[in-house]
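[1] What would the 3D arrangement of this be:
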Amino acid sequence: MQAIDLAQKLDTFTEHWQPRVVGQFNGHDLMVVKVKGEFVWHQHPDTDDFFMVLHGHITIRLRDGDVRLGPGEVFVVPKGVEHCPVAEEEAHLLLIEPMGTPNTGDRATAQPRRVV
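    Below is the predicted model:
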């Protein structure tokens, strides 16, 4: 057993919007992701969506208003709520989701799970 160095894990890839699994916790994937630009509008019908900003800033667009997050801030999108993450400049996030949750809310369009 050893500590997980999130910065080191983030240094292993350059792609945006392609989360990498860095560990697991009670049936959940702990993932890091680099984001830049706009993701797709989507929802998760069976689970909340957890975002923690490690570096940079993101905006979580919601149909009834936006939520802006900076380093150290967390936001949870309730299950079933449509949202669209956006980052004007590259940002780094920690995501926690039940294992196998598709990042777009749809298995047909989701990024495959990658482990670093």
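[2] can we go C-alpha only for contacts and neighbour counts from here?
    Will do.
[3] partners of the residue most central in space within the chain in the sheet?
    Centroid-nearest residue in the chain: residue 95, 4.2 Å away (criterion: CA atoms, centre = their mean). Following DSSP bridges, residue 95 is listed with bridge partners residue 31, residue 51.
[4] My understanding was that it contacts residue 34; is that so?
    No. The pair residue 95 / residue 34 is not scored as a contact, 10.8 Å apart, by CA atoms under 8 Å.
[5] Now do the closest residue to residue 9 other than its chain neighbours against residue 32, distance only.
    Once flanking residues are discounted, residue 9 sits nearest to residue 116: 6.4 Å by CA to CA, 6 or more residues apart in numbering. As for residue 116, its distance to residue 32 is 9 Å (criterion: CA to CA, to the nearest Å).
[6] elements contacting the lowest-mean-pLDDT helix or strand in the chain?
    Within the chain, no helix or strand scores below strand 114-115, which has a mean of 86 by mean pLDDT, DSSP states H and E. Judged by 3 or more CA pairs under 8 Å, 6 or more residues apart in numbering; DSSP states H and E, strand 114-115 is in contact with strand 20-25.
[7] let's see it at 10 Å
    In terms of contacts (3 or more CA pairs under 10 Å, 6 or more residues apart in numbering; DSSP states H and E), strand 114-115 is packed against strand 20-25, strand 28-38.
[8] could you give the mean pLDDT of the longest one?
    Per-residue pLDDT values across strand 28-38 average out to 97.
[9] That strand - contacts with which helices or strands?
    Using 3+ CA pairs under 10 Å, 6+ apart, strand 28-38 sits against helix 6-10, strand 20-25, strand 49-55, strand 58-62, strand 83-98, strand 114-115.
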